[in-house]
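>>> everything below, folded, please.
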Amino acid sequence: MLAVVIPYYKISFFGETLESLKHQTNKKFNVYIGDDASPEDPKVLIEIFQPFLDIEYKRFDTNLGSSSLVGHWDRCIEMTGKEEWVMILGDDDMISENLVETFYKDLPDFKDKTNLVRFASRIIDEKTTETTDVFKHPEWENPATAFFRRFKGETRSSLSEYIFKKDAYLKYGFKDFPLAWHSDDCAWIDFSEGKDLFCINEAEVLIRLSGESISGKDDNLAEKSEAKEMFYTYMLRYKLSMFNIPQRRFLLEAYENSIKRIRKLSLAEWRFLVDKYARYTDAESIIKFFKRKLRAQLRSK
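Below you'll find the predicted structure:
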């Protein structure tokens with residue numbers, strides 16, 4: 001069974017989100033809505049859709065998303081029952097009417113082979129106008145390869161376009177980075193446990209990018225930078241061995257640059273990088289790294 005979890009806060013596009021669930025050609029899913037003490041009461045909307053959807057709604061007394069968005073995701077997932085698979089759907093995102101149907105149609109092909117199912121996606125704006133072509137993916141894809149396609153700008157990725165096994169979530173959880181920025185990227189590496197991702201390209205998730213969304217705002221750049229540094233640190237500490245040498249070099253340089261954009265690297269951070277380059281890369285990478293380190297030292301004198 002599938003649980004569709006909606007961490008609710010904004011009502012602006014919530015009706016369209018629920019409408020997309022109402023029109024699913026397969027209704028074999030339960031909807032769990034966790035209200036993050038929002039000032040915008042969604043109960044009237046929920047009552048409209050209650051006859052068409054199996055909805056469980058809970059309003060939390062305290063707002064958690066402002067300090068820990070991951071914490072709010074967690075307490076929303078705690079609302080679920082015995083469902084084996086979970087989808088966290090943004091309160092402004094939408095899904096194509098065949099998404100649940102294609103999930104169950106393909107379930108026999110991936111059930112015992114993966115912990116992650118990904119759907120095709122495209123971006124929409126405030127007027128629900130599609131602003132990009134559809135992003136599709138290989139039917140089966142190594143998580144490291146999927147990660148690098150995303151970070152090299154060859155594709156995109158958002159929380160809403162994945163369905164994951166609840167057991168994998170319970171084992172690893174989401175890392176609590178500021179604004180939950182990169183928390184989902186980290187989760188797909190953790191949750192996959194090295195198994196390939198399965199992609200369903202016949203169904204789509206419509207990701208809304210607006211002035212109200214975290215991705216669409218530009219007044220939170222400091223928090224995003226902090227989250228990026230935390231994310232790369234985690235990847236280098238615990239996941240570097242799953243990548244090949246060019247990919248490792250990319251991660252190491254991304255970590256280094258994420259810090260340099262804000263401040264100078266500390267001695268401990270230089271030592272951390274020296275250790276990772278020595279253990280996980282090749283001679284060419286090490287030489288280039290030490291040249292950068294020498295230039296940085298000369299500039300600081």
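
>>> this protein: helices as residue ranges?
All helices of the chain, identified by DSSP state H, fall at 14-22, 43-49, 69-77, 99-110, 143-151, 166-172, 183-192, 221-238, 245-260, 267-280, 283-300.

>>> select, out of those, the one closest to residue 8.
helix 14-22 (6.7 Å; Cβ to Cβ). For glycine as for every other residue, the C-beta is placed from the backbone atoms N, C-alpha and C.

>>> quick one: buried residues of that closest one?
14, 16, 17, 18, 20, 21 (16 or more other Cβ atoms under 10 Å).

>>> now the fourth one: closest residue in space that isn't a chain neighbour?
Distances taken as Cβ to Cβ, 6 or more residues apart in numbering put residue 49 closest to residue 18, at 4.5 Å, once the chain neighbours are dropped.

>>> the one you found: how many residues sit nearby?
Other residues near residue 49 number 17, with proximity taken as other Cβ atoms under 10 Å.

>>> and it, what is it in contact with?
18, 19, 21, 22, 55 (Cβ atoms under 8 Å, 6 or more residues apart in numbering).

>>> residue contacts, residue 280?
Per Cβ under 8 Å, 6+ apart, neighbours of residue 280: 240, 241, 245, 248, 252.

>>> which two of these have the greatest separation?
Checking those with Cβ to Cβ, the most distant pair is 241 and 252, at 13.1 Å.

>>> neighbour-wise, which of those two wins?
residue 252 (22 against 8).

>>> where does the stretch 201-301 of the chain have low pLDDT?
211-219, 297-301 (pLDDT under 70).

>>> who are the contact partners of residue 23?
residue 97.

>>> got a pLDDT number for it?
On the pLDDT scale, residue 23 is placed at 98.

>>> what's the answer for the one 4 residues further on, then?
Looking at residue 27, its pLDDT stands at 97.

>>> contacts only, for it.
53, 54, 100.

>>> just the buried ones from these?
The buried subset of the contacts of residue 27 (16+ other Cβ under 10 Å) comprises 53, 100.

>>> export the contacts of residue 27 as JSON lines, with columns for pLDDT and distance to residue 280.
Putting the contacts of residue 27 into JSON lines (pLDDT from 0 to 100; distance: Cβ to Cβ, whole Å) gives the following:
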{"residue": "53", "pLDDT": "97", "distance to residue 280": "48"}
{"residue": "54", "pLDDT": "97", "distance to residue 280": "48"}
{"residue": "100", "pLDDT": "98", "distance to residue 280": "41"}
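
>>> can you list the contacts of residue 27 in JSON lines and add distance to residue 276?
Output for the contacts of residue 27, formatted as JSON lines (distance: Cβ to Cβ, whole Å):
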{"residue": "53", "distance to residue 276": "48"}
{"residue": "54", "distance to residue 276": "48"}
{"residue": "100", "distance to residue 276": "43"}
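
>>> what is the nearest of the contacts of residue 27 to residue 150?
Distances from residue 150 to those, taken by Cβ to Cβ, are shortest for residue 100, at 24.8 Å.

>>> now do that closest one against residue 181, distance only.
Per Cβ to Cβ, to the nearest Å, residue 100 is found 29 Å from residue 181.
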